[in-house]
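Novice: Pasting the sequence and the predicted model now:
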Amino acid sequence: MSEPIPLSRVVEVSRAVGATRSRTAKTELVAQVLRETPPAQVRTVASWLAGALPQGRVGVGWRSLADLPAPAATPSLTVGEVDDTLSALAGTTSRTTRTQLLADLFGRAGEDEQDYLRRLLLGEVRQGSLEGVLLAAGALAADVPEPTLRRAAMLAGDLPLAVEIALTSGEEVRLEPGRAIQPMLAGSAAEIEEVPQLVAGTPVVLDTKVDGIRVQVHKDPAGRVRVYTRSLDDITERVPEVVEVAEALDATTLVLDGEAIALHPDGRARPFQETGARTASSRSVEALREATPLTTFVFDVLHVDGRDLLDEPYATRREVLLELVPESSRVPGLLTSDQGEARRFFDEAVASGHEGVVVKDLDAPYAAGRRGSAWTKVKPRHTLDLVVLAVEWGSGRRRGLLSNIHLGAKGEDGELVMVGKTFKGMADETLAWQTERFLALETGREGHVVHVDPVQVVEIAVDGVQTSRRYPGGVALRFARVLRYREDKTAEQADTIETVRALG
DNA sequence: TTCCGACAGTGGGGTCGCAAT
DNA sequence: ATTGCGACCCCACTATCGGAA
């Protein structure tokens, strides 16, 4: 039997990892712990080092951590004990039980350990190391090439598990219909005309970017269909329409990638909120289905009838897709090398209420979990001139800087109506400038919010707006980010709430 | 020597289920 | 019946490191 690992060892490593900025040094520190960890604990330790819990979220947020016992003078927790408590937390829905479990756990933790556990439970380890470093460290510790471990992680749908396998049995991880894999992601471009393949005149496929939720659909050898989200949650019971599409296909085993969305009867896209409400609910699905039916748009085939297609070029996977899936369940797409045709397809997709397009390289394999250039999303961008109403103090690397700005549009009677916040798009220089600027405009404080004289105009980019119960104008910005501060405009020249609403 | 891909961090909007009140 | 928390759906952008070019 190997010695149990004390929690303090993990805390110490986390501190050391956070103390250096060198990625190489972080990797070596993590690799060393992985090497010294007994096989039974590798998955847990690996998961923690990537800032996550092997159990997933366990029902503990900031509020549950507000009132905790004083730290223990002599800490005694082991990794195994903490892991058991996390499993117990995940296994109960009672808040009373949760509070008791947390009190017992934190009461046995030292001060540094309490701090670490708090950050781990909140998913905010902030040690400059998550899955990227764990991947490199796992490869180093197990002496396997990084691409090999990356692939195992994608096929297992779980990097810490892949690290455990690499360090123990070393067996090859394979695609198994029924087990979710990490989905392929897309990079982005501002305009169709900036996508490299289209600039070069290379043939590509443009797929309509549907504003729904990502679905990975499996049919296992027993004929059982399972549906997973982008984060690999099983939502099979919530989306019977998707299950039926898979069941109707002429294949014994399957892995499909696609999107599920609620459409209007005429085929136009419903707002994302409606698809979200429909797919978030597991109760009275039949009634929801009646009111808000889902349409399945398949756009890739990763496996069919025992044949893995992940390493095939997209051109080949697409041939299989066209053969296997009826047009009514395929995402509308266009194969072209012509910029003009691509632009027209993009414009039509947007006119149909969709988000935009995803441009796909015909030569690329399915590289799960990577935001390479093989897939590039393009969406229209709207801009608004809004007034800054207040600013919030930042955290982490933004501590001591005014960060998140509250945004207002001009109301009917000249008052300002808050429509959202943003912290995005600010370079360090901008953060420094706005901190000074808004402190000079300060009119009062409430907690971490600094209210300001509403005179500063800022140009904001958004994907669109959505209905809101939170904000007084009934609308909220979607994906707002700062483009630039406008020194040339006064608050009277800002956009109106009507202009904002018109983006919906 | 410069460039660029991958990553980590910093947070935004909404919706639902559920325990506690 | 309400309320507030927590999980999870959608997500953009900048700074930084270190290998590629």
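Specialist: Looks like it came in fine.
Novice: And the residue of chain A closest to DNA strand C?
Specialist: A:Gly61 (2.6 Å; CB to the nearest atom of the strand). (Each C-beta comes from the backbone N, C-alpha and C, glycine too.)
Novice: Would you verify that that residue is located in a helix?
Specialist: No. Assessed with DSSP: H, G, I helix; E, B strand; the rest coil, A:Gly61 is coil; it does not lie in a helix.
Novice: And the residue nearest to it when sequence neighbours are not counted, how far from A:Glu81?
Specialist: Using CB to CB, 6 or more residues apart in numbering and skipping the chain neighbours, the partner closest in space to A:Gly61 is A:Leu122 (7.0 Å). Here A:Leu122 is placed at a distance of 20 Å from A:Glu81 (CB to CB, to the nearest Å).
Novice: if I read this right, A:Ala103 contacts A:Ala70, doesn't it?
Specialist: No. Assessed by CB atoms under 8 Å, A:Ala103 is found out of contact with A:Ala70, at 10.9 Å.
Novice: Looking at the two, which has the bigger crowd around it?
Specialist: Of the pair A:Ala103 and A:Ala70, A:Ala103 is the one with more neighbours under other CB atoms under 10 Å, namely 13 against 9.
Novice: Please see if the helix or strand harbouring that one touches DNA strand B.
Specialist: A:Ala103 belongs to helix A:95-107 when assigned by DSSP states H and E. Yes. Under the criterion of CB under 7 Å from any atom of the strand, DNA strand B is reached by helix A:95-107 at A:Arg95, A:Thr96.
Novice: what sits up against the helix or strand following that helix?
Specialist: Proceeding N to C from helix A:95-107, the next assigned helix or strand is helix A:111-122, under DSSP H and E. Applying CB atoms under 8 Å, 6 or more residues apart in numbering, the external contacts of helix A:111-122 come out as A:7-8, A:10-11, A:14-15, A:48, A:51, A:53, A:58, A:60-62, A:65, A:68, A:71, A:75, A:77, A:82, A:105-106, A:109, A:125-126.
Novice: Select only the buried ones of the residues you listed in ChimeraX?
Specialist: What follows is the ChimeraX syntax for the buried subset of the contacts of helix A:111-122, where burial is set by 16 or more other CB atoms under 10 Å:
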select /A:7,8,10,11,14,48,51,53,58,60,65,68,71,75,77,82,105,106,109,125
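Novice: So which of the contacts of helix A:111-122 belong to helices?
Specialist: A:Leu7, A:Ser8, A:Val10, A:Val11, A:Ser14, A:Arg15, A:Trp48, A:Val82, A:Leu105, A:Phe106 (DSSP state H).
Novice: Now do the same contact list for the first one.
Specialist: Read it as A:Leu7. A:Leu7 makes contacts with A:Pro75, A:Leu77, A:Thr78, A:Val79, A:Glu81, A:Val82, A:Ala109, A:Glu113, A:Tyr116, A:Leu117, as judged by CB under 8 Å, 6+ apart.
Novice: at 7 Å instead, please
Specialist: Contact analysis of A:Leu7 by CB atoms under 7 Å, 6 or more residues apart in numbering lists A:Leu77, A:Thr78, A:Val79, A:Val82, A:Glu113.
Novice: Which residue, other than its chain neighbours, is closest to it?
Specialist: Nearest one to A:Leu7, counting by CB to CB, 6+ apart, is A:Leu77 at 4.2 Å.
Novice: looking at it, the one you found is touching A:Arg108, isn't it?
Specialist: Yes. Using CB atoms under 7 Å, A:Leu77 is in contact with A:Arg108, at 5.3 Å.
Novice: Kindly state the pLDDT recorded for the residue in chain A positioned nearest to DNA strand B?
Specialist: Relative to DNA strand B, the nearest point of chain A is A:Gly396 (1.6 Å; CB to the nearest atom of the strand). With respect to pLDDT, A:Gly396 scores 95.
Novice: nearest spatial neighbour of it, skipping sequence neighbours?
Specialist: A:Arg126 (6.0 Å).
Novice: one step back: could you check how far the residue of chain A closest to DNA strand B is from A:Met426?
Specialist: From A:Gly396 to A:Met426 the distance is 14 Å (CB to CB).
Novice: In terms of neighbours, single out the busier of these two.
Specialist: Neighbour totals were compared for A:Gly396 and A:Met426, and A:Met426 leads with 22 against 8 (other CB under 10 Å).
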